[in-house]
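Student: my questions are about this predicted structure, shown below with the sequence.
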Amino acid sequence: MSFAQSIQLNWFDETRAGFETALAEKLNQSKGPSSELNAAIEYALLDGGKRLRAMLVFAAGHAVETPASELSDAACAIEAMHAYSLVHDDLPSMDNDVLRRGKPTCHVKFGEAFALLAGDALQTLAFQWLAESEQGNVQVRIQQIAALAGASGLQGMAAGQAIDLAHVGKPMDLQSLANMHARKTGDLISASVRMGYVSNTALSAVEKNGLEAYAHCLGLAYQVIDDILDVESTSEVLGKTSGKDALNNKPTMVSLMGLGEAKALLARLREQAFTACEVIAAPRRAPLETLVELITNRKS
């Protein structure tokens with residue numbers, strides 16, 4: 001490992017550690033009157049997770065010279081939204097999964113009703129935390145709320161999940177599959193980057209477009225490697241059930257392209273993400289580059 005890589009990973013570890021503390025404190029301050037619902041939310045949000053979306057908020061902020069202390073509420077919000085999506089995605093009426101992050105899924109642990117409520121509460125907490133935040137100016141927070149809402153709803157994550165459910169056991173071409181992934185997975189990753197860079201209201205169009213292209217490449221890459229790992233890895237390593245896509249006859253990048261072509265696509269997206277963030281000065285883009293490495297080389 002080079003000295004530069006060591007510095008980048010130190011940034012990641014230190015920023016993530018600070019974020020975990022901020023997230024736990026924020027959730028503790030938001031507890032409601034139901035102890036069981038509080039427990040289900042805590043289980044879904046605090047116990048495990050790579051925090052890549054939160055880290056993308058911080059990395060994009062670092063790229064535009066915004067300190068992490070001004071972005072922790074936005075990072076907490078994106079992780080709450082992501083946790084909500086996983087809880088609902090695992091439900092029997094959706095993907096019907098029993099394993100997430102190496103432990104029983106929320107509905108297995110707390111029952112389907114409390115898992116539904118935990119997801120609902122996590123989604124609304126995300127917006128509450130942003131709306132009540134005192135970090136940044138009001139216009140920045142409005143843009144962050146809009147980015148999160150757009151990525152999560154009818155045009156974004158919910159739409160992607162609907163397309164996914166509608167195509168179980170049905171054929172899908174590569175372009176349609178990429179569109180589904182862009183909505184179901186990519187939009188929340190793009191929102192993470194956007195929620196970080198909008199903190200600098202003087203950002204140039206060139207830098208903004210570069211960061212958007214970076215996020216798009218990273219969002220698709222995340223799903224491509226997910227499809228590869230579903231074929232090549234084990235449930236123990238993944239922390240979730242492996243081989244489910246093939247078992248459920250769901251179209252994936254691997255099933256449509258083949259494993260070799262899917263890996264080639266991942267390599268191209270990786271290089272495109274590196275190229276896209278070159279619009280940012282070298283010292284400031286280092287965390288963005290670290291996240292490309294972590295996402296495209298992940299094993300779970």
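Tutor: Perfect, I can see it now.
Student: tell me where the stretch 151-300 of the chain is predicted with low confidence.
Tutor: 237-243, 245-248 (pLDDT under 70).
Student: show me where it has its helices.
Tutor: Counting by DSSP state H, counting those that start in this stretch, the stretch 151-300 of the chain has these helices, from start to end: 157-166, 174-181, 187-197, 205-232, 235-238, 244-247, 253-257, 259-276, 282-296.
Student: make JSON lines from the ones you listed and add mean neighbour count and distance to Ser133 to it.
Tutor: C-beta here means a position set from N, CA and C on the backbone, and glycine is covered the same way. Compiled in JSON lines, these are given as follows (neighbours: other C-beta atoms under 10 Å; distance: least, C-beta to C-beta, whole Å):
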{"stretch": "helix 157-166", "mean neighbour count": "17", "distance to Ser133": "22"}
{"stretch": "helix 174-181", "mean neighbour count": "17", "distance to Ser133": "30"}
{"stretch": "helix 187-197", "mean neighbour count": "28", "distance to Ser133": "11"}
{"stretch": "helix 205-232", "mean neighbour count": "20", "distance to Ser133": "21"}
{"stretch": "helix 235-238", "mean neighbour count": "14", "distance to Ser133": "34"}
{"stretch": "helix 244-247", "mean neighbour count": "14", "distance to Ser133": "37"}
{"stretch": "helix 253-257", "mean neighbour count": "20", "distance to Ser133": "37"}
{"stretch": "helix 259-276", "mean neighbour count": "17", "distance to Ser133": "28"}
{"stretch": "helix 282-296", "mean neighbour count": "19", "distance to Ser133": "22"}
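Student: among those, which is nearest Ala22?
Tutor: Among the helices of the stretch 151-300 of the chain, the nearest to Ala22 by C-beta to C-beta is helix 187-197 (15.1 Å).
Student: which elements pack onto the closest one?
Tutor: Contacts defined by 3 or more C-beta pairs under 8 Å, 6 or more residues apart in numbering; DSSP states H and E place helix 187-197 against helix 52-63, helix 72-89, helix 138-152, helix 157-166, helix 205-232.
Student: using TSV, lay out these together with distance to Lys103.
Tutor: Compiled in TSV, the helices and strands packed on helix 187-197 are given as follows (distance: least, C-beta to C-beta, whole Å):
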stretch	distance to Lys103
helix 52-63	19
helix 72-89	12
helix 138-152	24
helix 157-166	22
helix 205-232	18
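Student: the ones you listed: which one's closest to Leu256?
Tutor: helix 205-232 (9.3 Å).
Student: give me the nearest residue to the residue nearest the centre of the chain, chain neighbours excluded.
Tutor: Relative to the mean C-alpha position of the chain, the nearest C-alpha, by C-alpha atoms, centre = their mean, is the one of Arg53, at 4.2 Å. Distances taken as C-beta to C-beta, 6 or more residues apart in numbering put Ser192 closest to Arg53, at 4.3 Å, once the chain neighbours are dropped.
Student: next: Leu148.
Tutor: Leaving aside its chain neighbours, Leu148 sits nearest to Ala191 (5.5 Å; criterion: C-beta to C-beta, 6+ apart).
Student: what do you get for Asn38?
Tutor: Distances taken as C-beta to C-beta, 6+ apart place Lys31 nearest to Asn38, at 5.0 Å, with adjacent residues excluded.
Student: and the one you found, that one's in a strand?
Tutor: No: counting by DSSP: H, G, I helix; E, B strand; the rest coil, one finds Lys31 to be coil, located in no strand.
Student: roughly how far does the residue nearest to Met180 when sequence neighbours are not counted sit from Leu177?
Tutor: When the adjacent residues along the chain are set aside, Met180 lies closest to Ile163, with 4.4 Å between them (C-beta to C-beta, 6+ apart). Separation of Ile163 from Leu177 (C-beta to C-beta, to the nearest Å) stands at 9 Å.
Student: now do Ser34
Tutor: Between Ser34 and Leu177 the distance, using C-beta to C-beta, works out to 40 Å.
Student: just Gln135 next, same as before
Tutor: As judged by C-beta to C-beta, Gln135 and Leu177 stand 37 Å apart.
Student: angle of the helix or strand harbouring Leu23 against helix 52-63?
Tutor: Assigned by DSSP states H and E, Leu23 belongs to helix 3-29. Direction vectors for helix 3-29 and helix 52-63, defined by axes from the mean of the first three to the mean of the last three C-alpha atoms, to 10 degrees, enclose an angle of 120 degrees.
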